[in-house]
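Student: Give me a model of this one.
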Amino acid sequence: MAAEQPIEFELVSPAKLLVSEPVDMVVVPGAEGDFGAMYRHSPLISAVRTGVIRIYEGDQVRQRIFVAGGFVEVTPERCTVLAEEAMPVEDIDRAAVEAELTDLREDLGAAEDGQKDTVARKIAVREAMLAAAA
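Tutor: Take a look at the predicted model:
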(Lines give C-alpha, C1' and ligand atoms only; values in the text may rest on other atoms or scores of the structure.)
Protein backbone atom coordinates (compact mmCIF):
# COMPACT_ATOMS: atom_id res chain seq x y z
CA MET A 1 0.00 0.00 0.00
CA ALA A 2 2.71 2.50 -0.80
CA ALA A 3 1.03 5.88 -1.08
CA GLU A 4 1.64 7.86 -4.23
CA GLN A 5 2.09 10.90 -2.03
CA PRO A 6 1.76 11.30 1.73
CA ILE A 7 -1.12 13.11 3.42
CA GLU A 8 -0.24 15.79 5.97
CA PHE A 9 -1.47 14.67 9.39
CA GLU A 10 -1.90 16.80 12.50
CA LEU A 11 -3.17 15.65 15.87
CA VAL A 12 -3.82 18.36 18.44
CA SER A 13 -5.04 18.00 22.02
CA PRO A 14 -5.74 20.80 24.49
CA ALA A 15 -2.36 20.06 26.06
CA LYS A 16 -0.15 20.04 22.96
CA LEU A 17 0.47 19.26 19.31
CA LEU A 18 1.13 15.50 19.31
CA VAL A 19 1.78 14.88 15.60
CA SER A 20 2.46 17.10 12.61
CA GLU A 21 3.99 15.14 9.74
CA PRO A 22 3.35 13.56 6.36
CA VAL A 23 2.07 9.96 6.62
CA ASP A 24 1.09 7.26 4.12
CA MET A 25 -2.28 6.70 5.80
CA VAL A 26 -4.01 7.45 9.08
CA VAL A 27 -6.97 5.42 10.39
CA VAL A 28 -9.32 7.46 12.60
CA PRO A 29 -12.10 6.17 14.88
CA GLY A 30 -14.89 8.28 13.37
CA ALA A 31 -18.39 8.58 14.80
CA GLU A 32 -19.78 6.35 12.02
CA GLY A 33 -16.88 3.87 12.17
CA ASP A 34 -13.15 3.75 11.50
CA PHE A 35 -11.94 5.27 8.24
CA GLY A 36 -8.59 5.59 6.54
CA ALA A 37 -7.40 8.91 5.16
CA MET A 38 -4.84 9.00 2.37
CA TYR A 39 -3.72 11.60 -0.15
CA ARG A 40 -6.65 12.65 -2.39
CA HIS A 41 -9.29 11.65 0.18
CA SER A 42 -12.69 13.26 -0.33
CA PRO A 43 -13.39 16.22 1.98
CA LEU A 44 -14.93 15.10 5.26
CA ILE A 45 -15.74 16.45 8.71
CA SER A 46 -16.67 13.98 11.46
CA ALA A 47 -16.84 13.57 15.19
CA VAL A 48 -14.14 11.29 16.61
CA ARG A 49 -15.20 8.60 19.07
CA THR A 50 -13.01 7.24 21.83
CA GLY A 51 -10.51 4.81 20.34
CA VAL A 52 -7.09 4.49 18.75
CA ILE A 53 -5.69 6.41 15.78
CA ARG A 54 -3.31 4.27 13.75
CA ILE A 55 -0.58 5.94 11.68
CA TYR A 56 0.73 3.85 8.79
CA GLU A 57 4.06 3.77 7.03
CA GLY A 58 3.55 1.53 4.03
CA ASP A 59 1.56 -1.51 5.19
CA GLN A 60 2.75 -1.26 8.79
CA VAL A 61 1.27 0.59 11.76
CA ARG A 62 4.07 2.90 12.86
CA GLN A 63 2.28 4.59 15.76
CA ARG A 64 -0.90 4.14 17.81
CA ILE A 65 -2.44 7.08 19.66
CA PHE A 66 -5.37 6.84 22.07
CA VAL A 67 -7.98 9.59 21.65
CA ALA A 68 -11.02 10.38 23.76
CA GLY A 69 -13.38 12.19 21.42
CA GLY A 70 -12.98 15.25 19.28
CA PHE A 71 -13.36 16.21 15.63
CA VAL A 72 -11.56 15.42 12.38
CA GLU A 73 -11.36 17.34 9.14
CA VAL A 74 -10.01 15.65 6.03
CA THR A 75 -9.16 17.40 2.76
CA PRO A 76 -7.44 15.85 -0.26
CA GLU A 77 -4.04 16.94 1.13
CA ARG A 78 -4.51 17.04 4.93
CA CYS A 79 -6.08 15.24 7.89
CA THR A 80 -6.44 17.24 11.11
CA VAL A 81 -7.73 15.76 14.37
CA LEU A 82 -8.69 18.02 17.27
CA ALA A 83 -8.89 15.60 20.20
CA GLU A 84 -10.41 16.21 23.60
CA GLU A 85 -7.69 13.99 25.09
CA ALA A 86 -4.84 12.12 23.37
CA MET A 87 -1.70 10.18 24.22
CA PRO A 88 0.51 7.57 22.58
CA VAL A 89 -0.72 4.10 23.55
CA GLU A 90 2.74 3.16 24.85
CA ASP A 91 2.53 6.08 27.34
CA ILE A 92 -0.61 4.76 29.05
CA ASP A 93 0.19 3.93 32.67
CA ARG A 94 -2.10 0.99 33.41
CA ALA A 95 -1.69 1.23 37.20
CA ALA A 96 -2.57 4.93 37.22
CA VAL A 97 -5.60 4.38 34.98
CA GLU A 98 -6.82 1.50 37.16
CA ALA A 99 -6.48 3.73 40.25
CA GLU A 100 -8.47 6.46 38.47
CA LEU A 101 -11.15 3.91 37.61
CA THR A 102 -11.44 2.85 41.24
CA ASP A 103 -11.89 6.47 42.31
CA LEU A 104 -14.35 7.21 39.51
CA ARG A 105 -16.49 4.18 40.37
CA GLU A 106 -16.66 5.40 43.97
CA ASP A 107 -17.56 8.88 42.71
CA LEU A 108 -20.33 7.43 40.54
CA GLY A 109 -22.03 5.91 43.57
CA ALA A 110 -21.95 9.24 45.42
CA ALA A 111 -22.71 11.47 42.42
CA GLU A 112 -25.84 13.58 42.19
CA ASP A 113 -28.18 12.81 39.27
CA GLY A 114 -26.79 15.71 37.22
CA GLN A 115 -23.22 14.46 37.61
CA LYS A 116 -23.73 10.75 36.95
CA ASP A 117 -23.49 11.09 33.15
CA THR A 118 -20.20 12.99 33.39
CA VAL A 119 -18.65 10.45 35.75
CA ALA A 120 -19.96 7.53 33.64
CA ARG A 121 -18.33 9.05 30.53
CA LYS A 122 -15.01 9.38 32.36
CA ILE A 123 -15.28 5.72 33.39
CA ALA A 124 -15.97 4.66 29.80
CA VAL A 125 -12.94 6.63 28.54
CA ARG A 126 -10.63 5.09 31.16
CA GLU A 127 -11.93 1.58 30.37
CA ALA A 128 -11.25 2.20 26.65
CA MET A 129 -7.78 3.45 27.55
CA LEU A 130 -7.04 0.20 29.39
CA ALA A 131 -8.34 -1.83 26.45
CA ALA A 132 -6.10 0.13 24.06
CA ALA A 133 -3.05 -0.53 26.24
CA ALA A 134 -3.72 -4.28 26.45
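Student: domain parsing for the chain?
Tutor: By the assignment in automatic domain parsing, the chain contains the domains 7-89, 92-133.
Student: partners of the residue nearest to V23 when sequence neighbours are not counted in the sheet?
Tutor: Leaving aside its sequence neighbours, V23 sits nearest to F9 (C-beta to C-beta, 6 or more residues apart in numbering; 4.7 Å). (Glycine included, C-beta is placed from N, CA and C.) Using DSSP bridges, the bridge partners assigned to F9 are E21, C79.
Student: which residues does F9 contact?
Tutor: V19, S20, E21, P22, V23, V26, A37, I55, R78, C79, T80, V81 (C-beta atoms under 8 Å, 6 or more residues apart in numbering).
Student: which stretches of this protein form strands?
Tutor: Assigned by DSSP state E, the chain shows strands spanning 7-12, 17-23, 25-30, 33-37, 44-48, 51-57, 60-67, 70-74, 78-83, 86-88.
Student: one step back: would you turn the domains of the chain into TSV with mean pLDDT?
Tutor: Shown next, in TSV, are the domains of the chain (pLDDT from 0 to 100):
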stretch	mean pLDDT
domain 7-89	96
domain 92-133	92
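Student: so which of those is the most packed in?
Tutor: Mean neighbour count (mean count of other C-beta atoms under 10 Å) peaks for domain 7-89 among the domains of the chain, with a mean of 17.
Student: which helix of this structure spans the most residues?
Tutor: When the chain is parsed with DSSP state H, its longest helix is helix 113-133.
Student: Now do that one against strand 60-67, angle only.
Tutor: 160 degrees (axes from the mean of the first three to the mean of the last three C-alpha atoms, to 10 degrees).
Student: Can you list the helices and strands that helix 113-133 packs against?
Tutor: strand 51-57, strand 60-67, helix 94-110 (3 or more C-beta pairs under 8 Å, 6 or more residues apart in numbering; DSSP states H and E).
Student: Include distance to A132 when you put these into a markdown table, please.
Tutor: Output for these, formatted as a markdown table (distance: least, C-beta to C-beta, whole Å):
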| stretch | distance to A132 |
| --- | --- |
| strand 51-57 | 5 |
| strand 60-67 | 5 |
| helix 94-110 | 10 |
